[in-house]
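Asks: Please find the sequence and the predicted model below.
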Amino acid sequence: MTDPARAVSPLLPEPLTEADRDFPPVVTKYYKTLDGKRIECTLCPARCRVADRERGTCGVRENRDGVYYTLVHSRVCSAHVDPIEKKPFFHFLPGTTAFSLATPGCNMACTFCQNWEISQFRPEQIDCRRLPPAQAAAAAKRWGCPTVTFTYTEPVVFTEYLLDAAAAARGAGLKAVSVTNGWIEKEPLHDWLQVLDAVKVDLKAFTQRFYDEMTGGRLIDVLDTLVRVRKAGVWLEIVTLLIPTLNDSEKEAASLARWVMKNLGPEVPLHFTRFHPQYRLRNLPATPVATMERARAAALATGLKFVYLGNIPGHPGENTACPKCGKVILKRYAMSLTENHIVGGVCEYCKTKIPGVWA
Ligand code: SF4
């Protein structure tokens, strides 16, 4: 069965006409001019140096005569209405839906990518539709979604579209959030944080060795992004996919959680999600539930208040317990919210304030 994120959605407004297929490129501000029409991309820490008529490694940004363009503004390859819990955001408008958008491309090349059929190809290799920012916001409203989400592939590489579509969403009275690997330079991140209400960062592991061998990114840059998002006061949640033998030791989970506790504080939700064999890691088994539970226990022992388990439907680690009275205040099954006992941002039972965005 085709994963819905990989198929052009029936929600997108109309099939492309031949004229639409041009997708006129948009000049980006995230680059520096070098000698001989070469440029250096300053959007992400990969800092690609790109010759005339060439593209950066993400494949969606092109140098034409010394001017750098994005090829994916409004060029949407996936659009769906998802529960916000699917992102996952557990402390952001629980029980609501998110109008979820992606363009092709990614600045990492994770061996375990769930959406490699849209993240690892060039835009002209994928069936895309044109969805300008105002239309994206209008579609979200039409489908009853209070939030527009940038997700599935890597929003860093379609930053210009994210900025315009998030601004349009806000202008229409909606919220805008991004699901990202967090591998972004400071200036574009600063721009993101002016228009986003929440960011979920995939912290792929807590060792540079894993980043080197499995992703092509750099841990230190992602940690820097986490600190900047938190400092900006934009709602932040973190997800780590635990992959057997590669990043699932109790020791690594504890180190990661200690870093979160020390640098971001106890209130940032940390999700450990369960790996299932896919893409280039089909040789590995699904993560044992006992391993997931050990990681969660190790993270909770550091003092973090909200540590969740994902991809284990029906597990109590999906629920939110009040850190004071211990009662379950948000109950979930898989990606759905089944009970909500937070009223006006506080626990219904003991009135403790619960961190998050609730209205
Ligand atoms: S955004 Fe793309 S082109 Fe720019 S530095 Fe990153 S990978 Fe290279």
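Replies: Noted; the coordinates are in hand. All figures in this text were calculated on a predicted structure; none of them were measured in a lab.
Asks: Could you tell me which residues of the stretch 151-300 of the chain lie near the ligand?
Replies: Residues of the stretch 151-300 of the chain lying close to the ligand by CB under 6 Å from any ligand atom are residue 157. (Each C-beta comes from the backbone N, C-alpha and C, glycine too.)
Asks: So out of everything in the stretch 151-300 of the chain, what residue is nearest the ligand?
Replies: residue 157 (5.2 Å; CB to the nearest ligand atom).
Asks: That residue: neighbour count?
Replies: 30 (other CB atoms under 10 Å).
Asks: go on, residue 342?
Replies: Applying other CB under 10 Å, we find 19 residues neighbouring residue 342.
Asks: And for residue 290?
Replies: Number of residues near residue 290 (other CB under 10 Å) recorded here: 8.
Asks: Which strand or helix spans it?
Replies: helix 289-301 (DSSP states H and E).
Asks: The closest residue to residue 141 other than its chain neighbours: what's it in contact with?
Replies: Excluding the flanking residues, the one nearest residue 141 by CB to CB, 6 or more residues apart in numbering is residue 172, at 6.0 Å. Residue 172 makes contacts with 137-138, 140-141, as judged by CB atoms under 8 Å, 6 or more residues apart in numbering.
Asks: ok so, going back, what residues of the helix holding residue 290 count as buried?
Replies: For helix 289-301, a neighbour-count test (16 or more other CB atoms under 10 Å) marks 291-296, 298-299 as buried.
Asks: Likewise for stretch 223-241?
Replies: 223-226, 228-230, 234-241.
Asks: Show only the entries of the residues you listed found in helices.
Replies: Counting by DSSP state H, the buried residues of stretch 223-241 place 223-226, 228-230 in helices.
Asks: Please tabulate those in JSON lines, including the columns distance to residue 267 and pLDDT.
Replies: Converted to JSON lines, those look like this (distance: CB to CB, whole Å; pLDDT from 0 to 100):
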{"residue": "223", "distance to residue 267": "18", "pLDDT": "98"}
{"residue": "224", "distance to residue 267": "20", "pLDDT": "98"}
{"residue": "225", "distance to residue 267": "18", "pLDDT": "98"}
{"residue": "226", "distance to residue 267": "14", "pLDDT": "98"}
{"residue": "228", "distance to residue 267": "17", "pLDDT": "98"}
{"residue": "229", "distance to residue 267": "14", "pLDDT": "98"}
{"residue": "230", "distance to residue 267": "10", "pLDDT": "98"}
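Asks: The residue of the stretch 51-200 of the chain found nearest the ligand: what's it in contact with?
Replies: For the stretch 51-200 of the chain and the ligand, the shortest gap (CB to the nearest ligand atom) falls at residue 56, measuring 1.9 Å. Shown in contact with residue 56 (CB under 8 Å, 6+ apart): 41, 46, 48, 50.
Asks: same thing with residue 284?
Replies: Residues in contact with residue 284 (CB under 8 Å, 6+ apart) are 243-246, 275, 277.
Asks: at 6 Å instead, please
Replies: Residues in contact with residue 284 (CB atoms under 6 Å, 6 or more residues apart in numbering) are 244, 277.
Asks: How about residue 247: what's its closest non-neighbour residue?
Replies: residue 205 (3.8 Å).
Asks: Averaged pLDDT, the helix holding residue 290. What do you get?
Replies: Per-residue pLDDT over helix 289-301 has a mean of 98.
Asks: ok, now stretch 24-38?
Replies: Averaged across stretch 24-38, the pLDDT comes to 96.
Asks: before we move on, what about stretch 341-359?
Replies: 97.
Asks: quick one: the host helix or strand of residue 159 to chain centroid distance?
Replies: Assignment of secondary structure by DSSP H and E places residue 159 within helix 159-171. Centre-to-centre, helix 159-171 and its host chain are 16 Å apart (CA atoms, centre = their mean, to the nearest Å).
Asks: how many neighbours does residue 309 have?
Replies: Under the neighbour criterion other CB under 10 Å, residue 309 is assigned a count of 20.
Asks: cool, and residue 219?
Replies: By the criterion of other CB under 10 Å, residue 219 has 20 neighbours.
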